[in-house]
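Q: What would the 3D arrangement of this be:
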Amino acid sequence: MARRSGGPGTVGSGVRLGIFALVTTLALVLLTDALGGVRLSGGPGYTALFTDATGLLPGDEVRIAGVKVGEVDDIRLRQDAGAPPVAEVSFSLEDDRPLPSDVHATIRYRNLVGQRYVALTRSSADSTGATLSPGDTIGLERTSPALDLTLLLNGFKPLFAALSPEEVNELSYEIIQVLQGEGSTIEGILSHTASLTSTLAAHDDTIGAVIDNLNEVLATVASREDALDTSIVRLQDFISGLSADRDALGEAVVSMSELTGQTADLVAEARPPLAADVSALETLATTLNANAETLETTLARLPVTYTELTTTGSYGSWFNFFLCDMDGQVSVGGLSANPVGFHSPFARCQED
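A: Numbers count the residues shown, from 1 in each chain. Prediction:
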């Protein structure tokens with residue numbers, strides 16, 4: 001007897017299988033959207049030019065302020081006449097998502113696996129409110145490539161060799177977070193470092209001469225080590241002696257202070273007489289200056305006069321003088337008179 005097909009059991013199994021397939025497909029779509037994002041509707045498309053887009057793939061996210069707003073559609077090489085080749089990245093955004101005209105695109109690391117995303121930021125506070133039109137291109141002056149993580153991590157190989165894998169992963173992630181998007185700054189630092197190194201290399205002879213001279217100085221000091229030790233010991237003895245005589249030195253300083261005070265008092269007492277003497281000296285100097293000719297004549301005749309006086313005095317303890325002129329003055333009670341006067345008429349008393 002033949003068995004009939006298509007019974008109630010077969011229909012029920014088909015329904016259960018369809019429901020299972022529908023639920024599985026829906027869960028898969030939700031999981032895919034949660035993990036990588038699925039854009040179900042198209043949006044405005046734009047293009048950005050990068051000098052390096054290594055690691056960026058179609059389907060990678062486009063973010064604004066860390067929030068996914070689109071994804072990368074295509075990456076291709078662009079070669080313009082007379083210009084170096086660049087990477088042309090096409091991406092699209094969600095519907096009704098405008099971009100400001102001063103937008104800046106940066107390729108950043110998403111995780112340590114090597115996934116990347118495009119971060120869109122504003123270059124300045126644009127108050128005009130201008131926006132890009134769909135299909136516009138963001139030029140090289142407003143884009144930044146991703147940090148070359150391979151070159152960076154290769155420089156940390158000696159450090160990584162001493163760390164555990166967990167520590168290496170943590171350190172690498174922190175380095176990426178600090179340095180991503182700072183390619184131009186790092187490039188500037190490396191450029192200045194290269195310039196400094198070149199400058200030092202250009203003065204290699206001068207630096208070598210300085211080192212040679214320093215070696216000679218050190219060698220000279222080393223050859224006079226005994227004398228240097230002796231000088232240091234004597235200096236120490238001198239300082240120790242000063243320390244031992246600090247009481248006497250203190251008393252000397254106090255005595256010097258007292259001497260200074262007494263000298264100041266003496267100068268203060270002697271200042272009026274000294275001022276009078278200085279004034280009298282000025283009068284004397286004026287008188288001498290007025291009679292300079294007479295003074296010079298008298299000084300010129302003094303040697304001859306002294307010679308004659310010596311000759312005269314050699315005959316005894318007396319001098320023979322011939323009186324030519326005499327003038328007498330008498331003062332009484334503040335009054336003065338000149339009653340006495342004498343002049344010899346002899347030829348010997350006459351002026352030449």
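Q: Helices along this protein, start to end?
A: Applying DSSP state H to the chain gives helices spanning 8-35, 149-154, 157-161, 165-179, 183-202, 204-223, 225-244, 246-290, 292-313.
Q: Just the mean pLDDT for the first one, thanks.
A: This points to helix 8-35. Averaging pLDDT along helix 8-35 yields 73.
Q: any idea how far residue 300 is from residue 293?
A: 11 Å (CB to CB, to the nearest Å). All C-beta spots, glycine's among them, are computed from the backbone N, C-alpha and C.
Q: same deal with residue 46?
A: 113 Å.
Q: okay, now the domains of the protein?
A: 39-146, 148-192, 224-307 (automatic domain parsing).
Q: rank those by pLDDT, which is bottom?
A: Minimum mean pLDDT among the domains of the chain: domain 148-192, a mean of 68.
Q: Any buried residues in stretch 219-226, and which?
A: Within stretch 219-226, no residue counts as buried by 16 or more other CB atoms under 10 Å.
Q: Can you show me the CA trace of it as CSV?
A: Below are the C-alpha coordinates for stretch 219-226, written out as CSV (Å, rounded to 0.1, in the frame of the first residue of the first chain):
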residue,chain,number,x,y,z
ALA,A,219,96.0,65.4,30.9
THR,A,220,97.8,68.6,32.2
VAL,A,221,95.7,68.6,35.3
ALA,A,222,96.4,64.9,35.8
SER,A,223,100.1,65.4,35.4
ARG,A,224,100.0,68.1,38.1
GLU,A,225,97.9,66.0,40.4
ASP,A,226,100.3,66.3,43.4
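Q: how distant is it from the center of its chain?
A: 36 Å (CA atoms, centre = their mean, to the nearest Å).
Q: do the same with stretch 67-78
A: The answer for stretch 67-78 is 46 Å, by CA atoms, centre = their mean.
Q: what's the distance between the closest residue to residue 344 other than its chain neighbours and residue 347?
A: Of all residues not flanking residue 344 in the chain, residue 324 sits nearest, at 4.6 Å (CB to CB, 6 or more residues apart in numbering). Separation of residue 324 from residue 347 (CB to CB) stands at 11 Å.
Q: With residue 223 instead?
A: Counting by CB to CB - residue 223 and residue 347 are separated by 95 Å.
Q: Residue 243 too?
A: 90 Å.
Q: With neighbour numbers in mind, choose between the two.
A: More crowded of residue 243 and residue 347, by other CB atoms under 10 Å: residue 243, with 9 against 6.
Q: any idea how far that one lies from residue 48?
A: 78 Å.
Q: higher neighbour count, residue 46 and residue 293?
A: Neighbours were counted for residue 46 and for residue 293 using other CB under 10 Å; residue 46 has more, 24 against 8.
Q: wait, what's in contact with the more buried one?
A: Taking CB atoms under 8 Å, 6 or more residues apart in numbering as the criterion, residue 46 is in contact with 90, 91, 92, 93, 99, 132, 134, 135, 136, 137, 138.
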